Each structure stands twice: as structure tokens, then as C-alpha cells.
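Novice: This is a predicted model, with the sequence first.
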Amino acid sequence: MPDLAHTRCFPIVAHIDHGKSTLADRLIEIAGTVDARRMRDQILDSMDIERERGITIKASAIRLPYRARDGQEYTLNLIDTPGHVDFSYEVSRALQACDGALLVVDASQGVEAQTIANFHLAEAVGLTIIPVINKIDLPAADVARCRQEIEDILGLPADEAVPISAREGLHIDQLLEAIVQRLPAPQGDPAAPLQALIFDSMFDAFRGAMPYVRVAQGTLRRGERIRMMSTGREFEVDELGVFNPLRQPADELVVGDVGYVIANIRTVVDTRVGDTVTSAARPAAAPLPGYQPAKPMVFSGIYPIDASEYPDLREALEKLQLNDAALSFEAETSAALGQGFRCGFLGLLHLQIVQERLEREHNIGLVCTAASVVYHVLIHSGELLEIHNPADLPDPGSIEAIEEPLVLATIMTPPEYVGACMDLAQSRRAELATMEYVTPQRAMRSYRMPLGEIPHDFFDSLKSRSRGYHARLRVPRLHRVPARARGHPAQRREGGRAVGDHARERGGEAGQGPLQPAARDPPTAAVRDPDPGLHRRQDHRLGADQPFPQGCHGEVLRRRHHPQAQAARTAARGEEADEAGRPGGDPAGSVPGGPAGGRG
């Protein structure tokens, strides 16, 4: 029987670019898990898109052996997690499957937005947290300031922070000793009925769906018949094992182990993230708590360029959802684009990554509509409609009120950028809630802001006005604002701009210029826990004779142009410019056959 006292299970969490993957590389080198000839930077980032962008998209697990200074052998189950807020659902699932966590802070940057967000996630799960100050070898490193911020902002004892340099390998041995001494061992009984939490999954064309599990109770053995507690489906385990970092078969997984299971599971719905795996012969009395479903922040329509690939796109989305539990989708039909899917994402980067993975891994050409949020429309009959597309708005004369979702945006910046960021927030109809200086070098302001103002260009504007992104958004508890009397157009002015004028301006911008590919590098702001149920009601009602701005009815598209189309597109631009200048020609940037900025 294995000794649980010598097992540790923990993730590495941090703000983006604070050195999580580099720290994981150093821990793997010291443990000797990977041969020096096969060792490379970001070894746990297995996807090409991760290595191209230099970011972690998927959480990755690995088992590390470690001999401590006391001569005892320990087994360390490490999970490397993403740092970008768009993949925070990966972090939350990894935390749920662990007993402690390493919270990494950049010595030159200090505590930032996602540092705070990840700290609260780990604290909510009840994990023991070890603060780690990384990059102490940099000339701009200020370890004393980082210690003070960790204590003042996070409330963790400053003297417990371990200063290291993951790139140079400084003090990594001290960190390993802190892991085995301060993180708790897993609590469970290897002889109890099996309970294993599915925290991730992937689909293999030859082996089927492979759930990644963390064993909480009991022992999982090869050849055993297992049962999925949410569906009741039963399967026989063909193979199981651990990650080293590749799959390494094993005879059994015990309490505290993190590994994979292959059981000839051919249907993706049978391996949902958060489900509990138990033994069919000796089932557990109740499942593990599991996870809360991810709440999409932005929505976009995804359509195949070739209509015959619609069934392939559905199958690709189902397989991708198995590996990305934050993705949600439902079928929809567009008069211009045909059959497709309305997909929900945690942010713009999440949207771009899903689009690229569909094109690369499944070889499907796609067209994506512009990102949007969900609005609620209350009509005179009392029915509340969810509107994803402006084209789906009912007749203006039947509208009682329109509600928009709100978020509570917490923006952290150095004091010198307070004025510029306050001006930006006010221009986006944000209302200041609180303002405080958490440290002399950190000013924190909270705003109530419409979610619809964020996907357009909020992050780009924030980046141009500050030294980076220091925003964390979460949903507040808000009441609905009552609507005004009927017949008044959108005259309420917030932040110096009328809501109706703002919509016209947005529609005009969207309808001008040729179709553009999606932005490649979105900002690193944290958007957390949107709730479509929390909306703010616009304080106006539209008269029957007042149409919506023309630009709002246009279905604005963003197309990813493939490299082979570059030459043809460049040649066509000159012809389109000449045609637009002739009488009867379509204006530049318009949809041929339709009004400028409108729908073709």
C-alpha cells in the first residue's frame, strides 16, 4: 500500500508572463523526469499554437519523483496552468483537483490582476498557498516590495514567500523543500469505494475519449469495470497511467494520483468534466462536488465556408468541447451565411484560439461574426427575450425595455496612469464605485461597466493608456434600473456620450473598410464570472416610429483570410477602388448589393 504522507499534488498559478512554465521546466530538470537530450523550453506546452504564441492554453500534469533532504522519497503531482484570464476555467479545475498551490509573483512587476484572481480561486477551494517570488535575477527585481504587496494585498505572511529565479535555477531546492514540508498530503482511503474526479479530457481517433482523473478515494485498477456517475454508463479499463510528461502506463492509480484512463469510450458526452468515476462492482454512495459550469463572456457565430462541412464542424466542436470545457455552442441559421453555431467564449483570445484549433486540427475553413454580448428585451406582453444578434430584435413598437449585462471592473494601475484610465472608463459609460491605494505603487478603482463596452476595443485603449493590463472584472450584485416613459429616444448621456449616438458610431465603424482578420494578440485583462441573469435596464423606450441605427442591423463579419488568397485579394483592391469611384459603384467597404454598413 502506498504511503500517502509522501505524496503532494499542486498546481502552479500566476499572472501571465510571471514564469510558470519556466518554473515547471526547472522542477522537471531537477527531478530528472525527462532526459537532457529531449528537454526543451515549455516542455509541458504540447500544442503548436502554445509554442508559437508563447502562452499556456491547456493545463498539463506530470509526476515528479523527489528525494528530500531528510532522505525520504516523495511523489510530486504537478499541474502547470494557463496565466491568461480567458483560460481561468482551466485554473479553477486544476485547483479543485489539488491539495495546495504555488502562487508565482514576478519580482519586477509585483502582484497583478490575475495574481489576485488566482489567489481568490485557491482560497475559495481551501488550498494551502505557497507564495513564490520569481525572476529575482532581473536588474529591476524588488523582492522587498513584492513581499510587502503579498502581505498587504493578499494577506499572506511575507516571510513565507520563497524567492527564486526559475531561469537561472536559483533556490529551486528551497522551493522543493517548502513543497514537501508545507503542502498537505492527500486525504483519502485507498480501500474505500472508488471516487475519481474528471478534471480534463481529450479525444483520440484510435483510443476514443480519454478522461484525466484525480483519485480522491479508493484505487483504480487496470481491467476494472468503471461507471460514470452522471450518466450511469459503464466501461472496462483497457489502460491507465500517469504523465511523465508523455503517457506512462501503470497498473493502478491510488489516492492523490493524477493520471489518464482509456476505456474504449466512443461518445464524448460520457466523459464530461466534473463527473465522478466509480467502480461498477462497488460504487460510491455519492459523487464528488465537481465544477460549476463556465459562464460565457462573449458570443460569436461560427460558420463553415463550405456548407457541406456543417456536420464536420458539429463533430469538431463536440470533440473540442471535450478538451475545452469552457466552450459552449448551439446551432443557429443565418440568412447570409447558412447553417452554423452560436458559440460562447470567456474572451476574445479564447475565441481566436478555438477558431485556430478548429482550422488546424480539423481542417475546416471558417467565417466568424463579430463578438457580442447577450441583451434582454422585455416586450409589452411581458415576455423576456434573449438577443444575441441585432437582426433578431423585435419590432421597436413592441419593446417595453432593453437590458444590458453589467460587470464590476477592478482596474489596478500605477498612480501616474490614474487620470488616463479614469477618462477611458468614463467614455465607456462606466460608473465609479470605489477607489483606493492598496500600496503607494498600486491604485485600484472599481467601476460598474456595461459588458458590451469591453469586447470592442476596451483592452486596446487600456494598453495605450497604461503600462499593461491591470484589470479584473467580476459580476456585482446589481438591481435593475427602471425604464423611462415611452416615446423618448436614447437621450440618456453617460460618460459624455448618448447611448444611441454611441450605437450609431459603433455601427458606422463596423460597416466601413474591408473585412478584417481577427486581432492576433488581445489584452491580458481578467474577466470573471459573467452572469446573463444580471443586467441593467436602459432608461429609455423606443417609439414605434424610431428605427434602430442602420449600422446596428448589419451582420458584421470578421474573416480569417488564408495565405493563398493574399495575392488575389491584393489585386482585387485596386479594382474595387476604381469601381467605387464610378457612378453606381458600391462605396468602399460596403457589402456588394446592400447599403453601406448594412446587411447584404
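Specialist: Perfect, I can see it now.
Novice: Name the residues that touch the strand or helix carrying residue 145?
Specialist: In this structure, residue 145 is located in helix 143-149 according to DSSP states H and E. Applying CB atoms under 8 Å, 6 or more residues apart in numbering, the contact partners of helix 143-149 are 105-107, 110-111, 133, 136, 158-159, 161, 163, 438-439, 441-442. C-beta: built from backbone N, CA, C; applies to glycine.
Novice: These in strands, which ones?
Specialist: 105-106, 133, 163, 438-439, 442 (DSSP state E).
Novice: In JSON lines, list the residues you listed along with pLDDT and neighbour count.
Specialist: Supplementary listing: the ones in strands among the contacts of helix 143-149 in JSON lines, determined by pLDDT from 0 to 100; neighbours: other CB atoms under 10 Å:
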{"residue": "105", "pLDDT": "94", "neighbour count": "28"}
{"residue": "106", "pLDDT": "93", "neighbour count": "23"}
{"residue": "133", "pLDDT": "95", "neighbour count": "27"}
{"residue": "163", "pLDDT": "95", "neighbour count": "20"}
{"residue": "438", "pLDDT": "80", "neighbour count": "14"}
{"residue": "439", "pLDDT": "78", "neighbour count": "15"}
{"residue": "442", "pLDDT": "80", "neighbour count": "19"}
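Novice: For those residues, work out which two are farthest apart.
Specialist: Across these, no pair lies farther apart than 163 and 438, at 21.6 Å, counting by CB to CB.
Novice: Was I right to think residue 248 contacts residue 240?
Specialist: No: judged on CB atoms under 8 Å, residue 248 makes no contact with residue 240 at a distance of 10.3 Å.
Novice: which residues does residue 253 contact?
Specialist: For residue 253, the contact set (CB under 8 Å, 6+ apart) comprises 196, 213, 215, 219-220, 240, 242, 259.
Novice: what's the nearest residue to it if we skip its chain neighbours?
Specialist: Excluding the flanking residues, the one nearest residue 253 by CB to CB, 6 or more residues apart in numbering is residue 220, at 4.5 Å.
Novice: List the contacts of that neighbour.
Specialist: Contacts of residue 220 (CB under 8 Å, 6+ apart): 194, 196, 213, 226, 237, 240, 252-254, 261, 277.
Novice: Tell me the buried residues within those residues.
Specialist: 194, 196, 213, 226, 237, 240, 252-254, 261, 277 (16 or more other CB atoms under 10 Å).
Novice: Residue 80: which of these is nearest?
Specialist: So of the buried ones among the contacts of residue 220, ranked by how close each gets to residue 80 (CB to CB), first place is residue 213, at 17.6 Å.
Novice: buried sites along stretch 351-371?
Specialist: By 16+ other CB under 10 Å, the buried positions in stretch 351-371 come out as 351-358, 362, 364, 366-371.
Novice: where exactly do the helices run in this structure?
Specialist: For the chain, applying DSSP state H gives helices covering 20-31, 48-53, 88-96, 113-125, 143-149, 172-182, 310-323, 348-362, 418-427, 454-465, 499-510, 550-553, 566-581.
Novice: deepest of those, which one?
Specialist: Mean neighbour count (mean count of other CB atoms under 10 Å) peaks for helix 88-96 among those, with a mean of 25.
Novice: helices or strands next to that helix in the packing?
Specialist: strand 7-14, helix 113-125, strand 195-204 (3 or more CB pairs under 8 Å, 6 or more residues apart in numbering; DSSP states H and E).
Novice: so what strands line up beside the first one?
Specialist: Here the strand partners of strand 7-14, with direction, are listed using DSSP bridges: strand 73-80 (parallel), strand 100-106 (parallel).
Novice: Now do the same contact list for residue 51.
Specialist: By CB under 8 Å, 6+ apart, the residues touching residue 51 are 42, 45.
Novice: what about 10 Å?
Specialist: Applying CB atoms under 10 Å, 6 or more residues apart in numbering to residue 51 gives the contacts 40-42, 45.
Novice: Next one: it from residue 41, what distance?
Specialist: 9 Å (CB to CB, to the nearest Å).
Novice: can you check residue 189 too?
Specialist: Here the criterion is CB to CB. By it, residue 189 lies 40 Å from residue 41.
Novice: average model confidence for the longest strand along the chain?
Specialist: Using DSSP E, we find that the single longest strand of the chain is strand 399-413. Strand 399-413 comes out with an average pLDDT of 86.
Novice: Which strands border that strand, and is each parallel or antiparallel?
Specialist: Strand 399-413 sits in its sheet next to strand 375-379 (antiparallel), strand 442-450 (antiparallel), strand 471-474 (antiparallel), strand 535-537 (antiparallel), going by DSSP bridges.
Novice: Between the two ends of stretch 388-398, how far is it?
Specialist: Here the two ends of stretch 388-398 are set 18 Å apart, with distance taken as CA to CA, to the nearest Å.
Novice: shift numbering so it begins at 21
Specialist: Taking 21 as the first residue, the last one we looked at is stretch 408-418.
Novice: buried ones in it?
Specialist: Across stretch 408-418, burial judged by 16+ other CB under 10 Å covers 408-410, 413.
Novice: where does this protein have low pLDDT?
Specialist: Within the chain, the ranges that satisfy pLDDT under 70 run 21-22, 487-620.
Novice: on that earlier part again, now flag whichever of the buried ones among the contacts of residue 240 is closest to residue 466.
Specialist: Proximity of those to residue 466 (CB to CB) peaks at residue 233, which lies at 39.0 Å.
Novice: isn't the closest one right next to residue 298, touching?
Specialist: No: in terms of CB atoms under 10 Å, residue 233 does not count as a neighbour of residue 298; the distance is 11.0 Å.
Novice: anything in contact with each of the two?
Specialist: Joint contacts of residue 233 and residue 298 (CB under 10 Å, 6+ apart) are 214-216, 240, 246.
Novice: that older thread, between the buried residues of stretch 371-391, which is closest to residue 35?
Specialist: Closest to residue 35 out of the buried residues of stretch 371-391 is residue 373 (18.6 Å), distances taken as CB to CB.
Novice: ok, now which ones touch the closest residue to the closest one other than its chain neighbours?
Specialist: Closest residue to residue 373 in three dimensions, ignoring its sequence neighbours and counting by CB to CB, 6+ apart: residue 77, at 5.9 Å. Residue 77 is in contact with 65-67, 69-70, 102, 104, 106-107, 110, 344, 369-370, 373, 377, counting by CB under 10 Å, 6+ apart.
Novice: coming back round to it: return the closest of the contacts of helix 163-169 with respect to residue 444.
Specialist: Among the contacts of helix 163-169, residue 462 lies closest to residue 444 (CB to CB), at 18.0 Å.
Novice: For the closest one, which residues are in contact?
Specialist: Counting by CB under 10 Å, 6+ apart, residue 462 touches 130-132, 169, 172-173, 432-435, 456, 490.
Novice: 8 Å instead?
Specialist: 130-131, 169, 173, 432-434.
Novice: can you check residue 171 too?
Specialist: Contacts of residue 171 by CB under 8 Å, 6+ apart are 177-178.
Novice: how close does it sit to residue 34?
Specialist: 18 Å.
Novice: circling back to that earlier point, now, which of the buried ones among the contacts of residue 240 sits nearest residue 118?
Specialist: The nearest member of the buried ones among the contacts of residue 240 to residue 118, counting by CB to CB, is residue 233 at 13.1 Å.
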